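> Okay, sequence plus prediction incoming.
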Amino acid sequence: MVITIVIILLSAADQLIKALVRGNLTASDRIPVIDGFFYIIYRENRGAAWSFLAGPEWGIYILSGLSLIMTIVLALLLIRIRHTGLRVCLTMIISGSIGNLIDRVRLGAVTDYLDFHFGSYVFPTFNLADSLIVVGTALLCLLLLKTPHLIDLLIPDKNTKTDQSGTEAEKKEEPHAPAHPDN
C-alpha cells in the first residue's frame, strides 16, 4: 500500500511540475538557476532519450507500448519482491515510467525542462520522470553488483517457488530413504 502511494505521489509530482512548465514557459523562455550551467526551459520530446524515435510518426506509439509493457512487468516484480532495496529501485523506475507514459498518451510528447550546460556542451534536456528512471536504474545496477544473489529474486529459475508470503523459497526435495525391512 505504501509503495502504491509513493508511486502515485512521485508520478503526480512529475505531472505537476510539467504542467507548471507548460503553463508558464514558452519554447523561447529560459530561467537561469545557475547562470551558464543550469536552466529551466520548456521542450517537448516526441521520442525517448536523446530524442530517439522522435522523427517517425509511429515512434510515439512504439515508445508508449514499450513503456506500458515494461511498467506492467516491473509492477508485477514489485508485487512479488520483498527486498527493500529492490523495491525502492523498482518504485523509482515505475514512477518515472508512468510520468512519461502519461505525457506520451495525453500530449503525444514528453515535457522536458531541466537544461544543463557543461562549457560548450549542452546535455539533453530532461525531467523528474527521467531522473527517477535513471537514478532507480543506476541504484538497481549498484545493488545487484554489490549483492549479486538478489538477481535470483528478479529472475527466478525453475528451482525456486513463491511461498505464501510472496518471498522466494528454494524447492527442497526430501531425499527418499531406501526401504529397509524392520529387524
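That came through, no problem.

> Quick one: low-confidence residue ranges for this structure.
47-60, 156-183 (pLDDT under 70).

> middle-most residue in it, spatially?
Central residue of the chain (Cα atoms, centre = their mean): Ile93, 1.7 Å from the mean position.

> Nearest spatial neighbour of that one, chain-adjacent residues omitted?
When the adjacent residues along the chain are set aside, Ile93 lies closest to Gly136, with 3.9 Å between them (Cβ to Cβ, 6 or more residues apart in numbering). In short, each C-beta sits where N, CA and C put it, glycine included.

> neighbours of the one you found, just the number please.
21 (other Cβ atoms under 10 Å).

> same deal with Leu16?
As a burial measure, Leu16 scores 11 neighbours (other Cβ under 10 Å).

> What helix or strand is it located in?
In the assignment (DSSP states H and E), Leu16 maps to helix 2-24.

> list the buried ones in that helix?
Ile3, Val6, Ile7, Leu10, Ser11, Asp14, Gln15, Ile17, Lys18, Val21 (16 or more other Cβ atoms under 10 Å).

> biggest separation within those residues, which pair?
Spatially, the most separated pair among those is Ile3 and Val21, at 27.3 Å (Cβ to Cβ).

> quick revisit: what packs against the helix or strand containing the residue nearest to Ile93?
Assigned by DSSP H and E, Gly136 belongs to helix 128-146. Counting contacts by 3 or more Cβ pairs under 8 Å, 6 or more residues apart in numbering; DSSP states H and E, helix 128-146 is packed against helix 2-24, helix 84-107, strand 110-118.

> I'd like to know which elements the very next helix or strand once past the last one is packed against.
Beyond strand 110-118 on the C-terminal side, the first helix or strand identified by DSSP H and E is strand 121-122. Helices and strands in packing contact with strand 121-122 are not found; criterion 3+ Cβ pairs under 8 Å, 6+ apart.

> about what we covered before: residues in contact with the residue nearest to the centre of the chain?
Leu74, Leu132, Ile133, Gly136, Thr137, Leu140 (Cβ atoms under 8 Å, 6 or more residues apart in numbering).

> Could you give the bridge partners of Arg43?
Applying DSSP bridges to Arg43 gives these bridge partners: Asp112.

> OK, contacts around it?
The contact partners of Arg43, by Cβ under 8 Å, 6+ apart, come to Ala27, Thr111, Asp112, Tyr113, Asp115, Thr125.

> picking that back up, what about the residue nearest to Ile93, distance to Val21?
Counting by Cβ to Cβ, to the nearest Å, the gap from Gly136 to Val21 is 22 Å.

> can you check Thr91 too?
Taken as Cβ to Cβ, the span from Thr91 to Val21 is 24 Å.
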